[in-house]
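starting from these lines, generate the structure:
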Amino acid sequence: MVEDAWIAAIAAVAGYLAGSISPSYILTRALKGDDIRKVGTLNAGTLNAFNSLGKKGGAFVFLFDFGKGLFAALVPGWLGLPEAATYAAAVAVVAGHNWPVWLKFVGGKGVATSAGVAVGLIPLLAAAALAPAVILLVTLKKFAIVAMGTGFVLLVALTYITGQSLGVFIVIFGVSALVAIAQFTRPTWVRPEDAPPGQ
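Alright, predicted model coming up:
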């Protein structure tokens, strides 16, 4: 039991450090000399990367951030570590993305990384919950908060209704809460008049 706790703690640290790697910040600095957290939506994440770097840059950032969550949810199991290590790494990778030590704890909002965690842990439920969110995002366009919020609420609800393990439910609820905290505790646009409806 004590050994499992130590393994989970190490997995959490590893997950946090991996999550703290911010491709949107690194690419924007390298290609434009800007701090992505000071332009557009003031967010070091996928949507602002599309705004600042274009489609190719945004797609790369999405895949990288999504991959962080996916691998955090899968690698501990591949290594034969206890489930607690998987759960710890999965929550910590989102925390690292949102509050990265390298960027003075101001990062992204964890949407793509949390989606990666969900796909790694509960792929079918993740697809069922996040697909409607993507449809809403495309349909509503600028109402990103509504679309993503719907997706994460559905994800938590489906995880509970389908009787997933307590550990998985805690992780899904936890990463969804981290997304919500980051969303509502940070400014969203450089100027209020620049914000589209719903932001």
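
for residue 20, which non-adjacent residue is closest in space?
residue 100 (3.6 Å; CB to CB, 6 or more residues apart in numbering). Bear in mind the C-beta positions are built from the backbone N, C-alpha and C, glycine included.

what's the separation between that neighbour and residue 19?
7 Å (CB to CB, to the nearest Å).

for residue 49, same thing?
16 Å.

sorry, back to before: between residue 100 and residue 19, which is the more surrounded one?
Legend: neighbour count by other CB atoms under 10 Å for residue 100 and residue 19, higher for residue 19 (29 against 21).

from what I can see that one touches residue 114, true?
No: using CB atoms under 8 Å, residue 19 is not in contact with residue 114; the gap is 10.5 Å.

overlap in contacts, these two.
residue 94 (CB atoms under 8 Å, 6 or more residues apart in numbering).

mind listing what residue 173 touches?
156, 159 are the contacts of residue 173 under CB under 8 Å, 6+ apart.

let's go with 6 Å and repeat that
Contact analysis of residue 173 by CB atoms under 6 Å, 6 or more residues apart in numbering lists residue 156.

going forward, the N-terminal residue is numbered 599.
New numbering, starting at 599: the last item is residue 771.

so it versus residue 757, what's the distance?
8 Å.

which strands and helices sit next to the top helix by length along the chain?
Secondary structure of the chain per DSSP state H: the longest helix is helix 644-676. On a contact count with 3 or more CB pairs under 6 Å, 6 or more residues apart in numbering; DSSP states H and E, helix 644-676 meets helix 600-617, helix 621-630, helix 681-696, helix 709-719.

residue 733: how many residues sit nearby?
Taking other CB under 10 Å as the criterion, the count of residues near residue 733 is 13.

pLDDT wise, what is it at?
Model confidence at residue 733, given as pLDDT, is 74.

which is the next helix or strand following the one helix or strand it maps to?
Using DSSP states H and E, residue 733 sits in helix 721-738. Following helix 721-738 in sequence order, the next helix or strand is helix 742-759 (DSSP H and E).

list the buried residues in the next helix or strand after that following helix.
Per DSSP H and E, the first helix or strand lying C-terminal to helix 742-759 is helix 764-782. For helix 764-782, a neighbour-count test (16 or more other CB atoms under 10 Å) marks 766-767, 769-778, 780-781 as buried.
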